[in-house]
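Chemist: what follows is a predicted structure for the sequence shown.
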Amino acid sequence: MNEFAKTGSFVGGAALLALLAAVVGPKSQRHELALDEGQAFFPEFKDPAAATELSVVQFEEATSRILSFQVKKDDKGLWTIPSHGGYPADATSRMSKAATMFIGLTKGRIAGDRNDEHAKFGVLEPGDQGSVDTKGRGVRVTLKDKTGNTLSDVIVGKEVDGKFDQRYVRVPGKRHVYVSKLTGDLSTKFADWIETDLLKVTAWDTKQIVFDNYK
C-alpha cells in the first residue's frame with residue numbers, strides 16, 4: 001500500500017470515528033434527556049386539598065445547622081406544627097397556597113445532569129448529615145397526603161440569573177437539574193402559621209377570665 005493509500009485510510013477512519021461520536025456521543029444523551037422537558041414532575045398531584053402534611057428542610061450556612069419545619073393535619077382534622085411542639089396551626093389557606101405552587105410544576109430545560117454540578121445550582125441535599133458541603137445546599141419541600149403517600153418532593157435551588165420566577169429544581173436521589181417556573185410564597189416562619197385565636201371566642205361572649213399561674 002503506497003503512502004497516499006495509507007493517508008486515505010487514516011483520514012477515512014478518522015472521519016468514520018467522528019461520525020460515530022456525533023451519533024452516539026453526548027449529543028445523543030442530551031437528546032434523550034430532553035425528552036421529558038415540559039412534563040410535570042408529579043402528574044398525579046392535582047388536588048391541593050389532598051396535601052395534609054408539609055415538610056421543609058433547609059441548611060443555615062451561617063450556623064451550619066439543618067433547619068426543619070413541618071405542618072400536619074392530625075387524625076381529628078386539626079392542623080398542628082410538629083416541628084414546634086405540636087402547636088396549633090391556622091394552615092388551611094397557607095397549605096392550599098403551598099400545594100398549588102407544586103401542582104403542575106413542569107420540567108423546563110435541563111441545566112445539568114452531573115452530580116458535581118449540584119452545588120453550582122444550589123440543589124445539594126440540605127439534610128445530608130454526613131456531607132461537609134456548607135455551600136450549594138437547596139431547600140427540600142415535601143408534601144404528603146393523609147395516608148403518608150408522597151405527593152411531591154423536590155429540592156429547590158438558586159434563582160436563575162435574570163429570571164426572578166425561575167429556579168433550579170432537582171428531585172431528591174436524581175442527578176438531573178431542571179429550570180422550572182416556581183412562583184408563590186412558601187413561608188416557614190412560625191408566626192405565619194400559628195393559630196392566633198386559640199379560644200375561638202369573642203370579647204362579647206366573655207364574662208370572666210381567670211389566670212392560674214400554677215397550671
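Modeler: The structure has been received and is ready for your questions. Numbers count the residues shown, from 1 in each chain.
Chemist: for the protein, which segments count as helices?
Modeler: Taking DSSP state H to define them, one finds helices in the chain at 3-24, 26-33, 92-102, 118-121, 190-193.
Chemist: residues in contact with the spatially closest residue to residue 73 that is not a sequence neighbour?
Modeler: Of all residues not flanking residue 73 in the chain, residue 52 sits nearest, at 4.2 Å (CB to CB, 6 or more residues apart in numbering). All C-beta atoms are positioned from the backbone trio N, CA, C, and that covers glycine. The contact partners of residue 52, by CB atoms under 8 Å, 6 or more residues apart in numbering, come to 72, 73, 95, 144, 145, 146.
Chemist: hmm, which of those residues are the buried ones?
Modeler: For the contacts of residue 52, a burial check counting by 16 or more other CB atoms under 10 Å picks out 72, 73, 95, 144, 145.
Chemist: quick one: contacts for the last one?
Modeler: Neighbour list for residue 145: 50, 51, 52, 53, 151 [criterion: CB under 8 Å, 6+ apart].
Chemist: how about those, which pair is most distant?
Modeler: Greatest spatial distance in the contacts of residue 145: 50 and 53, 10.4 Å, computed using CB to CB.
Chemist: what is in contact with these two at once?
Modeler: Joint contacts of residue 50 and residue 53 (CB under 8 Å, 6+ apart) are 145, 146.
Chemist: among the buried ones among the contacts of residue 52, which ones are in strands?
Modeler: In this view, the buried ones among the contacts of residue 52 that belong to strands under DSSP state E are 72, 73, 144.
Chemist: now the nearest residue to the first one once chain neighbours are set aside: how far from residue 146?
Modeler: This means residue 72. In space, and not counting its chain neighbours, residue 72 is closest to residue 53: 4.4 Å by CB to CB, 6+ apart. Using CB to CB, to the nearest Å, we find residue 53 at a distance of 8 Å from residue 146.
Chemist: got it, and residue 120?
Modeler: 38 Å.
Chemist: point out where this protein drops to low pLDDT.
Modeler: Counting by pLDDT under 70, the ranges of the chain that qualify are 1-35, 190, 192-201, 215.
Chemist: where along it do the strands fall?
Modeler: Using DSSP E, strands in the chain cover 53-60, 65-73, 79-81, 87-88, 110-112, 139-144, 150-159, 166-170, 177-181.
Chemist: among these, which is nearest residue 37?
Modeler: strand 110-112 (6.6 Å).
Chemist: strand partners (parallel or antiparallel) of the closest one?
Modeler: Strand 110-112 pairs in its sheet with strand 177-181 (antiparallel), by DSSP bridges.
Chemist: just the CA coordinates of the partner strand, formatted as CSV?
Modeler: Output of strand 177-181 as CSV, limited to C-alpha atoms (Å, rounded to 0.1, in the frame of the first residue of the first chain):
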residue,chain,number,x,y,z
VAL,A,177,-31.3,19.5,37.3
TYR,A,178,-34.1,21.4,35.6
VAL,A,179,-35.1,25.1,35.2
SER,A,180,-38.7,25.4,36.4
LYS,A,181,-41.1,28.3,36.9
